[in-house]
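>>> build me a structure from this.
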Amino acid sequence: MFRDTISPADKELVFFTRDLVARRIAPQAMTYDTHGNEFFDSSALEVLAEHNLLAPNLPPEYGGRGLSNLVTAMILEEIAAGCAGVAIAVAANLHAISPLMVAGTQEQRDRYLPLMANGKTGLGAIAMVDTGVNLDFLLQTERVSIRGSSIKGEVNEANQTVVNGSKDYVMNAAAAKFMTTMVEYKSSGSSEPGGLQIIVLPMDTPGLSLGNTRHKLGLRYCSTAEVHFNDLIAEPHHMIGTPAQGLEIFKECLYRNVPFVGAVCVGVARAAYQHALEISKERMISEHPVFEESAVSHSLVNMASQLNAARLSVHQACWNIDQGLDYTLTSPQAKIIASEAAQNITWRAMEIVGGQAYVSGNKAEKYLRDAKMLSIVDGSEQFHRCLLASQL
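Residues are numbered from 1 along each chain as shown. Sure, this is the predicted structure:
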């Protein structure tokens, strides 16, 4: 029912994106996968930037298309069906700008948001994963317990915030113009945590440097690396909100963006399903296509059903966000449902495709690797189950 609210122009844009990806991104997907861990190839993002698709929901006043979250999810699905690594680079970009949209100042928005509109490829990076001791907090909204974080901002005697530590698995690290992250904030000499502060930093900020590039199982197109903070001075114009607001901003952005990762999961699952369906009608067994075997056709029916359920779950979460309805349940649910669907469908697809699917360089094995990586992007399924359990 909620898809009836999509305008004809938006529907046309979704179909245009499908055609664009099929012509200019999907044919290069295996090359991106093969070489993505070694070097970053900006060509796919340049294709999307040509048509202002790097941040589809960016408001028009910053040069964006101003699309709804629902249409943005549909576009991400189309990109992911061609290459999940490219799609997750866009999704990470959307997550990076989310704190600016939720709580950023007008000056911050004017500085950073136009970098990815009107043909520009100034991506944002999102640094969420700590190194060493992880950020640990109780998930009930009433209480927060910070036991440690690998990145700390300490106010010195000159009233400057000095940031030290590291973040890991930072998506878009090599391609980004700026980064948003969250630090543990405290006063000089204090042993008590002061709260969580969201900050936005240009990648050329003194004291900010890239570390090791991470060689990943899947989603290899999206550059991922360590980021180090060495006596970095965070100025007031870097701060998004206050330390008292940091956790709430983090949770709000997470809830608003996990459906986009769900949309990427749906795109991968769709591509795997379509590949398996095609192969099942080409592969022969006892002089007839394997599709005619009920074990195969029934498996495909189950895959199609799970795919449709995952898509509807993602669209429901996005529609709730667009309509200003509560999405603290539907967003994590969409991530869990879509992630499980992607893993199950890509595995079933490998079984149907057969032995060739287990050979490096086959599309089916790439889909499986991408789906597994997606299960932990923007929080694992277990993490989101904890979020949901805290609301029961």
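>>> would you indicate which residues of whichever strand or helix holds residue 321 are buried?
Residue 321 belongs to helix 294-322 when assigned by DSSP states H and E. For helix 294-322, a neighbour-count test (16 or more other C-beta atoms under 10 Å) marks 296-297, 299-300, 303-304, 306-307, 310-311, 313-322 as buried. Yep, even glycine has a C-beta here, placed from its N, CA and C like the rest.
>>> likewise for stretch 219-232?
Those buried within stretch 219-232 under the rule 16+ other C-beta under 10 Å are 219-229, 232.
>>> equivalent analysis for stretch 201-221, please.
Judged by neighbour count using 16+ other C-beta under 10 Å, the buried positions of stretch 201-221 are 201, 203, 205, 208, 210, 213-214, 216, 218-221.
>>> I'd like these as TSV, with distance to residue 195, pLDDT and secondary structure appended.
Output for these, formatted as TSV (distance: C-beta to C-beta, whole Å; pLDDT from 0 to 100; DSSP: H, G, I helix; E, B strand; the rest coil):
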residue	distance to residue 195	pLDDT	secondary structure
201	18	96	strand
203	25	95	coil
205	22	95	coil
208	22	96	strand
210	27	94	strand
213	32	91	strand
214	29	91	coil
216	32	91	coil
218	35	93	coil
219	32	94	coil
220	36	94	coil
221	36	94	coil
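>>> now the two most distant members of these.
205 and 218 (30.3 Å; C-beta to C-beta).
>>> low-confidence regions, this structure specifically.
1-3, 132-149, 187-194, 284 (pLDDT under 70).
>>> can you give the domain ranges for it?
The record's domain parsing of the chain by automatic domain parsing lists 2-121, 127-243, 247-389.
>>> show me the helices in the stretch 51-200 of the chain, by range?
All helices of the stretch 51-200 of the chain, identified by DSSP state H, counting those that start in this stretch, fall at 69-82, 84-103, 106-112.
>>> which one of the ones you listed lies nearest to residue 125?
Closest to residue 125 of these is helix 84-103 (C-beta to C-beta; 5.7 Å).
>>> kindly calculate the angle that that closest one makes with helix 69-82.
Here helix 84-103 points in a direction 160 degrees away from that of helix 69-82 (axes from the mean of the first three to the mean of the last three C-alpha atoms, to 10 degrees).
>>> report the contact partners of residue 152.
Shown in contact with residue 152 (C-beta atoms under 8 Å, 6 or more residues apart in numbering): 163-165, 183-186.
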